[in-house]
Each structure stands twice: as structure tokens, then as C-alpha cells.
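*Asks:* this is a predicted model, with the sequence first.
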Amino acid sequence: MQYTHLGRSGLKVSRLCLGTMNFGPQTEEADAHAIMDSALESGINFFDTANVYGGTGHRGWTEEIIGRWFAQGGERRERTVLATKLYGTMTDRPNESKLSALNIRRALDASLKRLQTDYIDVYQFHHIDRDTPWDEIWQAIEVAVQQGKILYSGSSNFAGWHIAQAQEAARRRNYTGLVSEQSIYNLFRREVELEVIPSAQQYGLGLIPWSPLQGGLLGGVLKKQEQGVRQGVRRAEGRALETLKKHQDQIQQYEDFADDLGHAPGDVALSWLLHQPAVTAPIVGPRTQEQLDAAVRALDVTLDADALKRLDDIFPGHRPAPEDYAW
């Protein structure tokens with residue numbers, strides 16, 4: 001396993017991050033525990049979750065599953081860099097969402113209880129809160145740091161100017177601010193190259209891409225259809241299906257190129273992210289042990305300059321703004 005610092009922090013994390021969103025709704029608890037054990041054995045020490053994971057009928061379910069895994073001992077907690085998130089609505093009460101000081105305090109304590117731990121390594125804002133001033137947010141976070149309940153702060157789904165706003169507010173308070181940003185980023189979805197990535201690099205944030213395979217579309221979906229392999233829900237309906245129909249020729253080019261390279265399409269997609277200088281660790285969200293094994297395999301894939309250029313030809317990206325669209 002390869003390790004790197006999370007942004008400008010001194011925290012070392014694995015180059016793959018284990019996403020746990022499927023644990024509970026898609027993956028039974030025993031299987032989830034086995035996947036987490038296997039992840040640690042493979043050297044993955046960076047786990048990501050959120051307080052809302054588990055579904056509308058059981059928010060917090062995923063954190064509970066992780067908490068029961070920690071409770072088994074064996075230094076599972078000590079070996080894990082744990083990241084969770086808050087923002088989403090947990091109940092219908094008016095202060096059970098977003099980033100008010102009250103919700104930060106309550107949501108953090110609730111996550112700690114579900115996770116059966118006394119601290120969170122990276123506490124992330126799941127979305128920008130346009131209604132709460134940054135001074136209020138940072139004061140609440142500073143209190144939590146002083147109490148020993150969190151160590152670092154991160155963002156998710158922020159625009160580039162949101163990162164700048166957060167960091168400048170933190171700077172005025174002589175506080176570290178954010179050390180990471182979690183955004184959708186893959187060969188298909190490269191909008192963050194316009195402003196989010198330049199902002200993250202300027203302020204020293206590590207990028208943690210979610211949906212690295214674009215819901216499975218970069219995982220060899222056409223080949224699997226030809227082989228008659230049953231597709232997952234996200235690949236069979238909704239926006240993923242619409243994207244597949246619209247970009248089938250493009251996806252076919254990509255899968256053919258992966259064949260030329262001698263690698264599985266999913267391995268190439270993950271490897272491409274690992275070759276991007278701003279990326280700390282793509283988040284892989286396996287439902288099964290086999291999917292975790294495939295993700296780890298991508299660490300051994302090396303893409304040379306010609307391969308990277310060919311991928312850019314198939315999936316054109318962006319230059320930083322404003323040069324992408326102006327002089």
C-alpha cells in the first residue's frame with residue numbers, strides 16, 4: 001500500500017479510501033465487517049462515512065455498523081483514520097441539519113456514540129451551508145478540537161470559492177481550517193478542474209474523489225452487458241442509464257483502450273485518478289469483497305504520458321478557469 005499526507009497536514013493516509021455508504025442498505029453487517037478487516041489487511045487505513053448513511057428509514061445505520069466493528073477490538077480503531085460527515089437532515093426537528101453551532105455539537109456527539117469512539121480524525125462538512133456564517137462554524141469546530149472530539153476538518157461538495165471563503169475565515173481566527181475536499185471526480189466528471197482543484201491546491205487541501213467509476217460506467221459496463229453479467233441498480237436506471245445511452249461510443253472507446261493496455265476498465269479509471277497531482281485518495285465503495293480486491297489491484301497500474309493523453313482524448317478535461325474559456 002502507498003501512503004501520502006492528507007493535504008498540507010501531517011496525517012498519513014492510504015492512497016485508497018474505503019467508502020462505506022453501501023454498508024447496511026446494500027451490504028449486510030457481517031460482510032461489511034469482513035470487508036473492513038480485509039481493507040486493513042491490504043493497508044487501507046482511511047475510512048469514510050457520514051451520519052446520514054443508512055437510508056431515509058435508518059439514518060446512522062452505517063456508523064452503527066462501523067461502531068460495532070470497532071468494538072471487536074484488535075486495534076481496529078487505532079489502525080483506522082476515520083472520516084465522517086454532517087449536514088444532512090437526521091430528523092424532522094428544525095436544528096437537526098446543516099452547520100449551525102448547535103447541530104455541530106449534537107451531530108458530533110451522536111456520531112461518536114454510534115461509532116463507539118471518543119474522537120473523529122477528519123470531520124467533514126457534507127455540503128456548503130449558505131445560511132450559517134463561517135465564524136460560527138469555526139468557533140464550534142475549535143471547541144470540538146479543544147475537547148479532543150475531532151482532529152481535522154474537511155469539506156465535501158464545495159465550490160472553489162467556498163473553499164477560499166472557509167480558509168480565509170479560518171486564517172483570520174489563526175485556525176488551520178480545512179485539510180481536504182471531497183468532490184465527484186472521474187474521467188467522465190472533470191468540472192472540478194476548473195476551480196475546485198486550483199483552490200484546493202492553493203490552500204493545501206487534499207482531494208478525495210467520490211464516485212471514481214461514475215456509478216459503474218467506467219467499470220467495464222459494456223463488456224459486462226455482453227457477458228450477461230447482472231448490472232447494479234445505479235447502472236441500470238436513472239441518470240447512469242441515460243449517460244450510458246448518450247455516451248456509449250465514448251465508453252466503448254475507453255473499454256477498448258483498457259483492453260489494449262491489458263487492464264480492466266475500472267483499474268484504469270482508478271489509476272488515472274491516482275496519477276492526478278491534486279488527488280490524495282479516491283473513495284472506493286465496495287459492496288463485495290471482490291470489488292475491494294479490484295480496487296486494490298489498481299494501485300499496480302502505471303499509465304505513461306501517452307496513455308494519459310489518450311484518456312484525455314477520449315474524456316476531454318478542463319484547464320483552470322479562466323483560461324479554460326477565456327484568455
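*Replies:* Now that the structure is in, tell me what you want to look at.
*Asks:* so Ala177 touches Arg171, yeah?
*Replies:* Not quite, residue 177 is Gly, not Ala. Yes: assessed by CB atoms under 8 Å, Gly177 is found in contact with Arg171 at 7.0 Å. Quick note: C-beta positions are derived from backbone N, CA and C, even for glycine.
*Asks:* more neighbours: the two, which one.
*Replies:* Neighbours were counted for Gly177 and for Arg171 using other CB atoms under 10 Å; Gly177 has more, 22 against 12.
*Asks:* what sits against that one?
*Replies:* Trp138, Ser153, Ala166, Gln167, Ala169, Ala170, Arg171, Tyr203 (CB atoms under 8 Å, 6 or more residues apart in numbering).
*Asks:* same question, Leu207
*Replies:* Going by CB under 8 Å, 6+ apart, Leu207 touches 180-183, 185, 192, 196-197, 200, 276, 278-280.
*Asks:* swap the cut-off to 10 Å and go again
*Replies:* Residues near Leu207 by CB atoms under 10 Å, 6 or more residues apart in numbering: 7, 180-183, 185, 192, 196-197, 200-201, 273, 276-282.
*Asks:* out of those, which sit inside helices?
*Replies:* Val196, Ile197, Ala200, Gln201, Leu273 (DSSP state H).
*Asks:* can you name the two of those that sit furthest apart?
*Replies:* The span of the ones in helices among the contacts of Leu207, defined through CB to CB, is set by Gln201 and Leu273 at 15.3 Å.
*Asks:* more neighbours: which of those two?
*Replies:* Between Gln201 and Leu273, counted using other CB under 10 Å, the more crowded position is Leu273 (22 against 15).
*Asks:* ok, for that one, nearest residue in space, not its chain neighbours?
*Replies:* Pro282 (4.6 Å; CB to CB, 6 or more residues apart in numbering).
*Asks:* and that neighbour, how many neighbours?
*Replies:* Pro282 has 27 nearby residues by other CB under 10 Å.
*Asks:* do I have it right that Leu217 meets Gln225?
*Replies:* No: if you go by CB atoms under 10 Å, Leu217 and Gln225 don't touch, sitting 11.5 Å apart.
*Asks:* who has more neighbours out of the two?
*Replies:* Leu217 (25 against 13).
*Asks:* who are the contact partners of that one?
*Replies:* 186-188, 211, 234-235, 240-241, 243-244, 247, 250-251, 254, 265, 269.
*Asks:* out of those, who's the most crowded?
*Replies:* Neighbours here mean other CB under 10 Å. Within the contacts of Leu217, the largest count is held by Ala269, at 28 neighbours.
*Asks:* now that residue: closest residue in space, sequence neighbours ignored.
*Replies:* Per CB to CB, 6+ apart, closest to Ala269 is Leu218, 4.0 Å.
*Asks:* okay, now the one you found: neighbour count?
*Replies:* When neighbours are counted by other CB under 10 Å, Leu218 registers 24.
*Asks:* quick one, phi psi at it?
*Replies:* phi -100, psi 10 (degrees, to the nearest 10).
*Asks:* I'd like the distance between it and Tyr254.
*Replies:* Distance of Leu218 to Tyr254, computed by CB to CB, to the nearest Å: 7 Å.
*Asks:* the residue nearest to Ala269 against Pro282, yeah?
*Replies:* No: if you go by CB under 10 Å, Leu218 and Pro282 don't touch, sitting 11.3 Å apart.
*Asks:* residues near Ser271, how many?
*Replies:* Count around Ser271 with other CB under 10 Å applied: 22.
*Asks:* wait, I meant Arg93
*Replies:* 10.
*Asks:* what's the end-to-end length of stretch 291-305?
*Replies:* Counting by CA to CA, to the nearest Å, you get 28 Å between the two ends of stretch 291-305.
*Asks:* and it, which residues are buried?
*Replies:* By 16 or more other CB atoms under 10 Å, the buried positions in stretch 291-305 come out as Gln291, Leu292, Ala294, Ala295, Val296, Ala298, Leu299, Val301, Leu303.
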